[in-house]
Structure formats: C-alpha cells, structure tokens
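Asks: structure for this input, please:
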Amino acid sequence: MSRKKQTLGEFIIENQTSFKYTSGELSRLINSIRLAAKVVNHEVNKAGLVDIIGAAGDTNIQGEDQQKLDVYANEKFIQTLTKRNIVCGIASEEEDDFIAINSQDENNQNKYIVLIDPLDGSSNIDVNVSVGTIFSIYRRVTPIGTPVTLEDFLQKGSEQVAAGYIVYGTSTMIVYTTGDGVNGFTLNPAIGTFYLSHPDMQFPVDGKIYSVNEGNYVHFPQGVKNYIKYCQMEEGDRPYTSRYIGSLVSDFHRNMIKGGIYMYPKSSKNSEGKLRLLYECNPMAFLAEQANGKASDGFTRIMEIKPTELHQRVPFLCGSKNMVEKAEEFMQNA
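Replies: Reported below is the predicted structural model:
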C-alpha cells in the first residue's frame, strides 16, 4: 500500500518547530497565501471563458500595461492577507507604495511584512502559457505596534524568513522555503488540497539549459554575449539548449528540476536591469540558495544587495551553481 501523501497544512504544522520563530504566525501567513493561491488559480484556469483576459487599460508603477488578471490577483492577495490580520504591511509590484495594515491600532502586534508579485508573466495569459505568483516574507525592523515604514521593506534578501512562488500551469504548485530547504506542493483540484509532491528540491550542480531573451542580444554587455556564445559552442557537453518562456516562475521552476541558468542582465535598453530586486530577485535567490543553486547580478550575491527603493531593478543570473559561476567568470573578465 502506498504511503498517504502529506498535505501542505500537515507539512506546515509538522515543520514549524524547525523555524527559529515558532509563534505560529508564519504558519498562518503561509496558509493565507495558500488560500489566495487557490482563488487566483480558479480565475486563471477559467480565463478563456470569462472577461478576465486582456489589458485592464492602466499601467503600473513600472510603466507596464496591467492585465485584468494582474489587477484581480493583486486584489485577492491583498484582501486575503489583510482580512486575516496576520501582517503589518504589504508591498506589491502593482502598487505605487507599500500598504500599512492597521497602522492606527496600537494593539497590532503583527511582526511580518510581505512583498509580492501577484502575477508574474501575465502578458502570457492570453496565449495560455504558465504564469505565477512570487512572494517574499520578512520580519519588520521597526518597533512592533507602530506603523510600518519604508525601512521595513528595504531589507537585504539575506534577512528573508520565507519566500516562494505559485506556478499556475498544467498543474498548480506552491514551492517555498523558510530557510530549511525547498519543498513543492501540487494542488489536487478535485478536493482543493495541496500535497507534498516535490520534497527537498535541488538544482543540479550543472545543467544544459540556458534561459535568456536572445532577442536582446545586441543590447547585452560583452561578457553576457561571450557567455551566450560559450553556451552555443560545440564542445564537451555543449551546445546547451535554449529555453525561454518569458515567465520567471516557469523558467526558474523548469531549471531547478532539470538544471540550467536563467539570465536577465542589464542592457543598453535597461541599464539597471529589468527585474525587481524585492519582488522577484530576492525571493528567487533565497529559493535558489536553499536548493543548492546560486543567484547574482554577475558580480555580487543578490541577497547582499542593500535596496534603496521599493521598485528597484537589478541584473539577475540564477540557477545551477557551476553555470552561474561560469557566467560570472565571463562577465568579470570582459
């Protein structure tokens, strides 16, 4: 008889003692993200049947066109986290500024803040390609019981207490870490329960996939161009395979399972890089390092970069350790 698979709820309860803060609040917070993920998953899966796809007609703080599902996912995650009275602050890629929760309530003892990209890769939704949600959790640094400030959100990635993503694809998965390895849970849509399907996820040390938008090749720094040519060279186990979905969650998820590197370097079009440090790079870097991978901007460990603004962009290389180190070597020697 096969062993009964462990549910996400059971896993959280069983493993909360391995987390250095064992008050139970973080467990409730992960459970809230799980609930919001199921609501958003339901809308994503019926997107072609209702008026939920296409542009919403607005742009976000990044200057990007908001999709209807961007707006919907943003609202659902904020509503769920706010109503359950678990967090003291939220910052979203879709919002101009952070949101202070119960900032006038002196009895508010919540310790955690959440940074979230509600729907990564949403430009793919119209063509039925996998999209995702990315989240990052910190303990606040300002005194408990006072309104949160920008200082609470501008923390280095090394200060994260948890991070993860939800991928809405052929199956829906939550993958997360609290600093004690990475585990993946797959949704059984028939009963609405997430089950542990990918325990102790690890990046292979080497891989054969490189993920980068090669349409921007002419705009990349010389070191990145040299590394791409290296990937394409006929030598040893190369050429590598090029795979680029355009959804960070999907590309990262595939590379963690199969082995590979994801790159979104700076370019002449995006001199600071394109991805957001707080909403995308830090949480993915935390996951990568917990899964035996590596993440950097080509020169510096991502999680050591001190943020200076809420929507800061940085170059991003992430994936199998040997591949990232080889890319760094090309960039530093260019």
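
Asks: next, the residue nearest in space to the middle of the chain: phi, psi?
Replies: In the chain, the residue lying closest to the centroid (Cα atoms, centre = their mean) is Ile134, at 3.3 Å. In this entry, Ile134 is assigned phi and psi values of phi -120, psi 140 (degrees, to the nearest 10).

Asks: ok, now the one 5 residues further on?
Replies: With angles defined as degrees, to the nearest 10, Arg139 shows backbone torsions of phi -90, psi 140.

Asks: surely it is in contact with Lys111?
Replies: Yes: the criterion here is Cβ atoms under 8 Å, and Arg139 meets it with Lys111 at 5.3 Å. C-beta coordinates here come from the backbone N, C-alpha and C atoms, glycine included.

Asks: what are the boundaries of the helices in the stretch 201-334 of the chain?
Replies: Listed in chain order, the helices of the stretch 201-334 of the chain (DSSP state H, counting those that start in this stretch) span 222-232, 248-258, 282-290, 321-333.

Asks: check contacts around the residue nearest to the centre of the chain.
Replies: With contact set as Cβ atoms under 8 Å, 6 or more residues apart in numbering, Ile134 has these partners: Ile116, Asp117, Asp120, Ala163, Gly164, Tyr165, Leu248, Val249, Tyr279, Glu280, Pro283, Met284.

Asks: so which of these is the most crowded?
Replies: The most crowded member of the contacts of Ile134 is Met284, carrying 30 neighbours; neighbours defined as other Cβ atoms under 10 Å.

Asks: and that one, what does it touch?
Replies: The contact partners of Met284, taken as Cβ under 8 Å, 6+ apart, are Ile134, Ala163, Tyr165, Leu248, Phe252, Ala295, Phe316, Cys318.

Asks: closest to Thr241 out of those residues?
Replies: Distances from Thr241 to these, taken as Cβ to Cβ, are shortest for Phe252 (16.1 Å).

Asks: ok, the closest one to Gly121 distance?
Replies: With the distance defined as Cβ to Cβ, to the nearest Å, Phe252 ends up 11 Å from Gly121.

Asks: if you count surrounding residues, which of those two has more?
Replies: Phe252 (30 against 21).

Asks: wait, that one sits on Tyr165?
Replies: Yes: with contact defined as Cβ under 8 Å, Phe252 reaches Tyr165; the gap is 7.5 Å.

Asks: overlap of the contact sets of the two?
Replies: By Cβ under 8 Å, 6+ apart, the residues touching both Phe252 and Tyr165 are Met284, Leu287.

Asks: residue contacts, the closest residue to Asp251 other than its chain neighbours?
Replies: The shortest distance from Asp251 to any non-neighbouring residue, by Cβ to Cβ, 6 or more residues apart in numbering, is to Ser211 (4.5 Å). By Cβ under 8 Å, 6+ apart, the residues touching Ser211 are Ser242, Arg243, Tyr244, Ile245, Asp251, Arg254, Asn255, Gly260, Ile261, Tyr262, Met263, Gly319.

Asks: and the least confident of the residues you listed?
Replies: Scanning the contacts of Ser211 for pLDDT, the smallest score is found at Ile245, 92.

Asks: what's near enough to touch that residue?
Replies: Counting by Cβ under 8 Å, 6+ apart, Ile245 touches Gly121, Asn124, Val129, Ser130, Ser211, Asp251, Arg254.

Asks: now do the buried residues in stretch 258-277.
Replies: Residues of stretch 258-277 classed as buried under the neighbour-count rule (16 or more other Cβ atoms under 10 Å) are 259-267, 273-277.

Asks: how far does that stretch stretch from start to finish?
Replies: Terminal residues of stretch 258-277 are spaced 25 Å apart (Cα to Cα, to the nearest Å).

Asks: stretch 90-110 too?
Replies: Separation of the first and last residues of stretch 90-110 by Cα to Cα is 12 Å.

Asks: contacts for it?
Replies: By Cβ under 8 Å, 6+ apart, stretch 90-110 touches 25, 60-62, 66, 70-71, 74, 77-78, 81-82, 85-89, 113-118, 144-145, 147-148, 150, 153, 276, 278-280, 310-311.

Asks: that stretch: which residues count as buried?
Replies: 90-95, 98-102, 108, 110.
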